[in-house]
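K.L.:
give me coordinates for this.
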Amino acid sequence: MIVILMGVSGVGKTTVGELLADRTGWVLYDADDFHSQSNIEKMRSGIPLTDDDRWPWLDRLNAVLREKEQRGDSAILACSALKQRYRDRLAQGLGDVRWVHLAGDFDLIKQRIEARKGHYMTAKLLESQFAALEPPADALVLDVALAPASLSESIARGLGLQAAV
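P.N.:
Have a look, this model is predicted:
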């Protein structure tokens, strides 16, 4: 099974993903780690990425997930995956993908982004992310006003995930 935690920047995808990875014993991939340096520089400068910027990034992520699934392993991916066509690209060739949409209030998420240190994603790009967001029809949707531990627990329960032994 591949679990993809998606949503706009600042919803806690990585934090929740780390808790879920600890719970399940699965590897967590943070999609931010797969961006090209030019994509990072664009975002750091407050310039939203285009689809042409995203396609190679999404293809790299898809290849990692396909390799993991082909070995019979499960994994978690923390990735914005804001548009349906991005989710389609990520899931291409995968057999068992479960989507979790971490959703929340703009002001709460903006406060979180403004409080975080050392990340290239700035609060000024948040509006463009909300504008681009196409909420998935086939996802477990959770409100990020909940504590990360509660979100992790809700995901495990909602997807029937077993704790690592």
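K.L.:
need the three-state assignment for residue 93.
P.N.:
coil (DSSP: H, G, I helix; E, B strand; the rest coil).
K.L.:
phi, psi of the nearest residue to it once chain neighbours are set aside?
P.N.:
Counting by C-beta to C-beta, 6 or more residues apart in numbering, residue 66 is the residue found nearest to residue 93 once chain neighbours are left out, at 5.3 Å. The C-beta positions use only the backbone N, C-alpha and C, and glycine is treated the same way. Dihedral angles of residue 66 (phi, psi; degrees, to the nearest 10) stand at phi -60, psi -40.
K.L.:
pretty sure residue 66 contacts residue 90?
P.N.:
No. Using C-beta atoms under 8 Å, residue 66 is not in contact with residue 90, being 10.2 Å away.
K.L.:
show me which of these two is the more surrounded one.
P.N.:
residue 90 (22 against 16; other C-beta atoms under 10 Å).
K.L.:
tell me which element the more buried one is part of?
P.N.:
Using DSSP states H and E, residue 90 sits within helix 84-91.
K.L.:
alpha carbons of that helix, as PDB, please.
P.N.:
Provided in PDB are the C-alpha atoms of helix 84-91 (Å, rounded to 0.1, in the frame of the first residue of the first chain):
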ATOM      1  CA  GLN A  84      -6.100  15.800  -9.900                       C
ATOM      2  CA  ARG A  85      -3.700  15.600 -12.900                       C
ATOM      3  CA  TYR A  86      -0.800  15.600 -10.400                       C
ATOM      4  CA  ARG A  87      -2.400  12.900  -8.400                       C
ATOM      5  CA  ASP A  88      -3.000  10.900 -11.600                       C
ATOM      6  CA  ARG A  89       0.700  11.300 -12.500                       C
ATOM      7  CA  LEU A  90       1.800  10.200  -9.000                       C
ATOM      8  CA  ALA A  91      -0.400   7.100  -9.000                       C
END
